[in-house]
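Visitor: Below is the sequence, then the predicted model.
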Amino acid sequence: MTRRGPLETEAARLLRQRAEVGTGDLFLDGLTREEALRLATAAATGGSKGGAKAAELPSTEAAGAGAAQEALPVLPASYAALRDAAMGCTLCRLSEERTNVVFSDGAENARLMVVGEAPGANEDKTGVPFVGQAGKFLDLLLATADLSREESVYICNVLKCRPPGNRNPMPDEIELCSPYLKKQIELIQPEALLAVGTFAAQLLTGRQKIALGKLRGEVHSYEGVPLVVTYHPAALLRNPKWTRPFWDDLQLLRRIMDSA
C-alpha cells in the first residue's frame, strides 16, 4: 500500500472541502496524472480515515467534460460584439502565432455567404479573407454571376487564424473555432451559402467523411439555408480543369438565389 505524506494528505483534505462546498474547478499544476488521480481517490474516500463517499466528488470523466464545456465561450448576440470576441480569442494554439485574426470581409447585409477553410499568409498579414491570387480569382468568378463582396457577398473562413505553413485545419481547431462561423451565419442571415473547399463543405453539410467531389453538384441545406459546395479557388489555380465545374456550381447557386 502506498503511504501518503503530509502534503498529499493536506491536498486530499482541500479537495474534499472544495467538493463539499462546490467552489468550482481546481487546477493541479505540476502533478502527474497518477498523482492527481491518487489525490482525487483520497479525497473521495475521506483520506486515511475514511468518511466521505465517492459520490460526493465528481469523477475525472465528468470533470473533463465540464472543462471542455467551459472552454467554449458563450458567444454574444450582436455582430460587433461577436467580432470583438473573435479578435481576442485564445482558445486554440493558432492564436499564439497569428499576426491578425481574419474575421470577415464584404457586406453585412449580404445575400450570399462564401465560407472558405482558413486564412493564408496574405490574409494573416492583412486581416482580410481571400486577398491573394485565389481571392482575386474568386472575385472574378463571382462577378460572372453578378455577385460582389462590396454589395452582395459576405466572405469568411471556418478558421479565423492561419495554420502554420498553410497546413490543413486540425479537428480540435475546427471544433473550437466553428461556433464563430455558425454565429456569423445566424447573424448575417444570407439567402444562400457557398462552401469552398473540403473542410468548409464537410463542416456545413455534416458529412465529414465524404469527398468534396461527391458533395458538389447538388443543393444541401444548413439550418434551412440553401448550401452549394464547390472547389476552393486556390485549387482552381492548381487544377484549371476544375474551373468549369466551379462555374457550373455557381450557376446552380445563382438559380437558387433568383428563385428565392
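Guide: Looks like it came in fine.
Visitor: Please list all residues in contact with residue 227.
Guide: By C-beta atoms under 8 Å, 6 or more residues apart in numbering, the contact list for residue 227 reads 192, 193, 194, 195, 204, 205, 219, 220, 221. From N, CA and C alone the C-beta is placed, and that goes for glycine too.
Visitor: hang on, the third one is in a helix, isn't it?
Guide: No: assigned with DSSP: H, G, I helix; E, B strand; the rest coil, residue 194 falls outside any helix and is strand.
Visitor: Quick check: it vs residue 183, distance?
Guide: 18 Å (C-beta to C-beta, to the nearest Å).
Visitor: And the two? Which one has more around it.
Guide: residue 194 (28 against 17; other C-beta atoms under 10 Å).
Visitor: Enumerate the beta-bridge partners assigned to the more buried one.
Guide: Note on residue 194: beta-bridge partners by DSSP bridges are residue 114, residue 228.
Visitor: Could you report the separation of it from residue 107?
Guide: 14 Å.
Visitor: now residue 242
Guide: Plainly put, residue 242 is 27 Å away from residue 107 if you go by C-beta to C-beta.
Visitor: How about residue 205?
Guide: Here the criterion is C-beta to C-beta. By it, residue 205 lies 25 Å from residue 107.
Visitor: for residue 254, same thing?
Guide: 17 Å.
Visitor: Please apply the same query to residue 232.
Guide: 22 Å.
Visitor: Of those two, which one has the most company?
Guide: Between residue 232 and residue 107, residue 232 has the larger neighbour count (other C-beta under 10 Å), namely 23 against 19.
Visitor: ok, now which ones touch the more buried one?
Guide: Residue 232 is in contact with 116, 117, 134, 196, 197, 198, counting by C-beta under 8 Å, 6+ apart.
Visitor: Residue 214 - how many residues pack around it?
Guide: 11.
Visitor: what do you get for residue 133?
Guide: Counted with other C-beta under 10 Å, the neighbours of residue 133 add up to 13.
Visitor: Check residue 93 too.
Guide: 14.
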